[in-house]
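Peer 1: Task: produce atomic coordinates for the following.
(2 chains)
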Number of protein chains: 2
Amino acid sequence: MDAAVFYGEGDIRVEDRPEPEIESPTDAVVRVTHTAVCGSDLWPYRGYQDREAGTGIGHEPMGIVEAVGDDVTSVEPGDRVFGPFSTSCGECEFCRKGLHTSCVEGGGWTGPNSGAQAEYVHTEHADGTLIRVPDRHADDEETLRSLLPLTDVMCTGHHAAVSAGVEAGDTAVVIGDGAVGLCGVAAAKRLGAERVIAMGHHEDRLEIAEELGATDTIAARGEEAVERAKELTHGGANHVMECVGAQSSMETAFEVARPGGTVGYVGVPSGVENAEFIGTAFGKNVSLEGGVAPVRAYAEELMADVLQGTLDPSPVFTKEVDLRDIDEGYRAMDERDAVKVLVKP
Amino acid sequence: MDAAVFYGEGDIRVEDRPEPEIESPTDAVVRVTHTAVCGSDLWPYRGYQDREAGTGIGHEPMGIVEAVGDDVTSVEPGDRVFGPFSTSCGECEFCRKGLHTSCVEGGGWTGPNSGAQAEYVHTEHADGTLIRVPDRHADDEETLRSLLPLTDVMCTGHHAAVSAGVEAGDTAVVIGDGAVGLCGVAAAKRLGAERVIAMGHHEDRLEIAEELGATDTIAARGEEAVERAKELTHGGANHVMECVGAQSSMETAFEVARPGGTVGYVGVPSGVENAEFIGTAFGKNVSLEGGVAPVRAYAEELMADVLQGTLDPSPVFTKEVDLRDIDEGYRAMDERDAVKVLVKP
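Peer 2: Okay, here's the model as predicted:
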């Protein structure tokens, strides 16, 4: 089968790899029909993260179940499914608590052989991991494009909103205009925020933010952005959603937060080194909530919204490529020509 | 009047300073009968914090109201009162929210002239700041010694417990065996924690922790302390109280926290520079809650407990000095001969 393989900085190739097989009774194999390139796939691509050359990549699979192990009860061959970026058993303390990313049996999609950017993927713990799309929606291409972001970015944006404590009538500031920030805007709006202030650096992306529910946008950096947000919120927001994970965005989040407020953060803090913002947080009693998003805990609830037509994060896909041309998808995201790229094997 | 004055590293002197006077209609002047030396007073004393030579010091006043301005209604001359380490108006958004440390009119006790380590102190906003001790308890020396920690460390320890989400039946890990950590132990016990694990470096202080309600103690550092705490909590605690504010204690707090748990932090993070622990927090979805303690919000509730005999943080005072000998109090705390020093003008 065709599979995207990482070879080094700026070097993604499509190679022939062996199709995955059922190895244990709780496994499933899925024929991938839709997948995507994630901002976090860019870390190794940009050389920011070590990754072994020759390994598979991608973690946002949607497709048709090809085969299941003997113990799998929730899906069967022919079902349309999608999977969160991490796998989970569904039965441990943390899965029961809705914290599937801390599953004691959890893992990912990317192995030495292939990842979710491939014609087929393999998962352990199919029952605890895969989400089945109801049959009546299973072949509607438009619906599937709207569901695909639930594998990662939409649930991650939702986690930012939930972590920041966004509720009906609230004012939320969303920091970051990448796919997660844009989904965060949609999530805050969905939870009833009356005012959603999107902060970013790209006018075209802030237009998508408005399409997804932003009532105000701030296209500025640093102190200027902070001052503008404070003006709009009469001194600071009680709910700040940090959707980047950079040093500057974390600092901005705490500057923008109102005393007693909450920063919900979901951007992997790989670039966060200086802890000075903790002093800002301390003086104002601003909480830091969130972390890696437990996608599995949110996916069914958000799917219900997509299927009833009240949530559509598909505008984050500003480009589509065939799996064989995935290097062009990586290039477009790396150069910010695309917000997020949909990939079809 | 006599007042403690800071002159530089290791140099605290008692000097004659002018008595404070009523300057505005919301002011009060209090004749100090009891005060204390705080861990944070040691920062300038140790040279860790810049402070102008010749300025007053101290922020934990208890005494008898000497005079009040025309608009003050809640206290009158002759009343026994104590004051939080920060002053507050009692009327702004943040005071109404119980976040008195973010009061828009808030200030402190220490001025260029004198601080709370003096024979008299002056406060703006007496109604929003001072807590009146009921007359029937106002002259009982034992009660007053038990109430004095409510000016700062007891309410700060309580803020750690509240921020960490400690409730009845919970297991809490308290990091730090200074006065705040010890008060944190008492606070966690008071909130109904079934198991309170106190972590520190001094056997004698951990004995006080046991006296105040610790069910387990860990006298170890670094990895050894983390491993021991994880053993005692079957993999990590849902409620961790960080009562130090150092780099290592913050790191330990996140290591000890269970996935999905909460770190309540109240130690001023002056020594926290490296943000690597945010990565630990992110991966486990551990929240960081707390900050500078809004003492005024908690003082009356905790005073009720002291007066009914169900809370007694006075064991943190392991030494007492006259104001004129306050330099000996600073020395004892600096050299860890004393946990906390009570000072009598």
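Peer 1: would residue A:34 count as being in a helix?
Peer 2: No - read with DSSP: H, G, I helix; E, B strand; the rest coil, residue A:34 is strand and lies in no helix.
Peer 1: Specify the beta-bridge partners of it.
Peer 2: Assessed by DSSP bridges, residue A:34 has beta-bridge partners residue A:62.
Peer 1: quick one, what contacts it?
Peer 2: A:62, A:63, A:144, A:145, A:148, A:342, A:343, A:344 (C-beta atoms under 8 Å, 6 or more residues apart in numbering or on different chains). (C-beta placed from N, C-alpha, C; glycine too.)
Peer 1: now, which of these lie within helices?
Peer 2: Among these, the residues falling in helices (DSSP state H) are A:144, A:145.
Peer 1: can you put the contacts of residue A:34 in CSV and add pLDDT and neighbour count?
Peer 2: Output for these, formatted as CSV (pLDDT from 0 to 100; neighbours: other C-beta atoms under 10 Å in any protein chain shown):
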residue, pLDDT, neighbour count
A:62, 98, 26
A:63, 98, 24
A:144, 98, 21
A:145, 98, 19
A:148, 98, 27
A:342, 98, 23
A:343, 98, 27
A:344, 98, 14
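Peer 1: out of the contacts of residue A:34, which one sits closest to chain B?
Peer 2: Within the contacts of residue A:34, distances to chain B taken as C-beta to the nearest C-beta reach their minimum at residue A:148, with 24.1 Å.
Peer 1: and that closest one, what is it in contact with?
Peer 2: Counting by C-beta under 8 Å, 6+ apart, residue A:148 makes contact with A:34, A:35, A:36, A:60, A:62, A:82, A:314, A:317, A:342.
Peer 1: ok, now which ones touch the residue of the stretch 101-250 of chain A found nearest chain B?
Peer 2: In the stretch 101-250 of chain A, the residue that lies nearest chain B is residue A:102 (3.6 Å; C-beta to the nearest C-beta). Counting by C-beta under 8 Å, 6+ apart, residue A:102 touches A:94, A:294, B:259, B:260, B:284, B:285.
Peer 1: Taking these, tell me the two that lie furthest apart.
Peer 2: A:294 and B:284 (11.3 Å; C-beta to C-beta).
Peer 1: Give me the more crowded residue out of the two.
Peer 2: Higher neighbour count among residue A:294 and residue B:284: residue A:294, with 27 against 22, using other C-beta atoms under 10 Å in any protein chain shown.
Peer 1: OK, contacts around that one?
Peer 2: Contacts here follow C-beta under 8 Å, 6+ apart; on that basis residue A:294 touches A:98, A:99, A:100, A:101, A:102, A:155, A:159, B:285.
Peer 1: These in helices, which ones?
Peer 2: Those of those lying in helices (DSSP H): A:155, A:159.
Peer 1: ok, of the contacts of residue A:294, which come out buried?
Peer 2: When the contacts of residue A:294 are checked for burial by 16 or more other C-beta atoms under 10 Å in any protein chain shown, the buried set is A:99, A:100, A:101, A:102, A:155, A:159, B:285.
Peer 1: which one among the contacts of residue A:34 gets closest to residue A:71?
Peer 2: residue A:63 (20.8 Å).
Peer 1: And that closest one, how far from residue A:149?
Peer 2: Distance, residue A:63 to residue A:149, by C-beta to C-beta, to the nearest Å: 15 Å.
Peer 1: Output the set of residues of the stretch 201-345 of chain A in proximity to chain B.
Peer 2: Contact residues (C-beta under 8 Å from any C-beta of the partner chain) of the stretch 201-345 of chain A with chain B: A:250, A:259-260, A:265, A:268-270, A:272-279, A:281-292, A:294.
Peer 1: So which residues of the stretch 151-300 of chain A form helices?
Peer 2: All helices of the stretch 151-300 of chain A, identified by DSSP state H, counting those that start in this stretch, fall at A:153-163, A:179-190, A:203-212, A:222-232, A:247-256, A:276-284, A:295-307.
Peer 1: would you list the ones you listed in JSON lines and tack on mean pLDDT and distance to residue B:163?
Peer 2: Shown next, in JSON lines, are these (pLDDT from 0 to 100; distance: least, C-beta to C-beta, whole Å):
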{"stretch": "helix A:153-163", "mean pLDDT": "98", "distance to residue B:163": "16"}
{"stretch": "helix A:179-190", "mean pLDDT": "98", "distance to residue B:163": "25"}
{"stretch": "helix A:203-212", "mean pLDDT": "97", "distance to residue B:163": "33"}
{"stretch": "helix A:222-232", "mean pLDDT": "97", "distance to residue B:163": "25"}
{"stretch": "helix A:247-256", "mean pLDDT": "97", "distance to residue B:163": "16"}
{"stretch": "helix A:276-284", "mean pLDDT": "97", "distance to residue B:163": "11"}
{"stretch": "helix A:295-307", "mean pLDDT": "98", "distance to residue B:163": "24"}
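Peer 1: picking up where we left off before, from the buried ones among the contacts of residue A:294, which two are the most distant?
Peer 2: Spanning the widest gap among those are A:102 and A:155, at 15.3 Å by C-beta to C-beta.
Peer 1: would you list every one of the strands in the stretch 51-200 of chain A?
Peer 2: Assigned by DSSP state E, counting those that start in this stretch, the stretch 51-200 of chain A shows strands spanning A:55-56, A:62-68, A:80-82, A:120-123, A:131-132, A:171-175, A:195-200.
Peer 1: Looking at the contacts of residue A:148, which is nearest residue B:210?
Peer 2: Closest approach to residue B:210 among those (C-beta to C-beta): residue A:60, at 52.0 Å.
Peer 1: Neighbours of that closest one, how many?
Peer 2: Neighbours of residue A:60 (other C-beta under 10 Å): 29.
Peer 1: Likewise for residue A:126?
Peer 2: Residue A:126 is flanked by 28 other residues according to other C-beta under 10 Å.
Peer 1: Appreciated, that's everything.
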